[in-house]
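>>> Below are the sequence and a predicted model; questions follow.
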Amino acid sequence: MGSFVALLRAVNVGGTGKLPMSDLKAICEEIGFSDVRTYIASGNVVFKSRKSEAAIKAALEKALASYAGKPVGVLVRSAAEMAQVSADNPFPKLAPNRTIAVFLDHAPPADALSAVRGRKDEQIRLGKRELYIHYGEGMAKSKLIVPAAKAGTARNMNTVAVLAKMAAEA
């Protein structure tokens with residue numbers, strides 16, 4: 001049985017159509033995941049499963065669509081992959097709360113960096129199935145547009161580190 005992290009995309013954790021983390025945990029348990037734990041109210045869940053990454057993604061997206069009445073994107077990583085995302089951070093000496101990993105289903109396209117617009121002091125690097133972005137002055141004032149990131153979901157490196165640790169301990 002493997003340990004996995006699922007990252008929900010575009011989840012509203014407050015207001016209309018919200019998905020409380022207690023409901024996310026219950027959904028995961030209903031579809032057969034074990035040792036389910038959520039982390040902060042932004043759609044992060046760690047669990048164990050015998051299913052493949054593709055089967056986990058399909059099952060969770062189906063259950064969440066049924067719950068929410070609309071598609072909810074899910075990105076899945078094994079415990080080892082999550083640890084690797086943390087280890088591969090190309091900006092280890094920069095503020096982890098200003099550095100994000102954008103998780104994607106597939107490797108970023110070769111032209112991902114040339115399609116970027118609105119860049120000021122942000123630094124961007126390609127990962128295996130991630131984009132890494134460091135926001136020099138912070139995200140609030142950034143005008144950065146990264147088309148390749150549209151299909152993904154972002155977590156700052158503090159969150160990535162915690163999720164990697166949780167998955168390793170599961």
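Sure thing, it's come through.
>>> what about the closest residue to residue 126 other than its chain neighbours, neighbour count?
For residue 126, the nearest residue in space outside its immediate sequence neighbours is residue 108; the separation is 5.0 Å by CB to CB, 6 or more residues apart in numbering. Bear in mind the C-beta positions are built from the backbone N, C-alpha and C, glycine included. By other CB atoms under 10 Å, 21 other residues sit near residue 108.
>>> Next: residue 156.
The burial metric for residue 156, expressed as a neighbour count using other CB under 10 Å, is 17.
>>> and the gap between it and residue 119?
Per CB to CB, to the nearest Å, residue 156 is found 19 Å from residue 119.
>>> swap in residue 163?
From residue 163 to residue 119 the distance is 28 Å (CB to CB).
>>> Which one's more surrounded, the two?
In this view residue 163 and residue 119 are compared by other CB under 10 Å, and residue 163 has more residues nearby, 26 against 15.
>>> mind listing what the more buried one touches?
With contacts defined as CB atoms under 8 Å, 6 or more residues apart in numbering, residue 163 is in contact with 5, 39, 44, 46, 82, 155.
>>> Tell me which entries of the residues you listed lie within strands.
Here DSSP state E is the test, and those give 5, 44, 46, 155 as lying in strands.
>>> Can I get the residues you listed in CSV including neighbour count and pLDDT?
Shown next, in CSV, are the ones in strands among the contacts of residue 163 (neighbours: other CB atoms under 10 Å; pLDDT from 0 to 100):
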residue, neighbour count, pLDDT
5, 25, 97
44, 23, 93
46, 26, 97
155, 25, 96
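>>> Among the residues you listed, find me the one that's closest to residue 64.
The shortest approach to residue 64 among those belongs to residue 44, at 13.7 Å (CB to CB).
>>> just checking, that closest one touches residue 5?
Yes - in this structure, residue 44 sits in contact with residue 5. The criterion is CB atoms under 8 Å, and the distance is 7.0 Å.
>>> Can you give me the pLDDT of the residue lying farthest from the centre of the chain?
Seen from the C-alpha centroid of the chain, the residue lying at the greatest distance (CA atoms, centre = their mean) is residue 120, 24.4 Å away. The per-residue pLDDT reported for residue 120 equals 92.
>>> Please list all residues in contact with it.
The neighbourhood of residue 120, defined by CB under 8 Å, 6+ apart, consists of 136, 137, 142, 143, 144.
>>> and with 7 Å instead?
When the contact criterion is CB atoms under 7 Å, 6 or more residues apart in numbering, the partners of residue 120 are 142, 143.
>>> Tell me how far it lies from residue 146.
Between residue 120 and residue 146 the distance, using CB to CB, works out to 13 Å.
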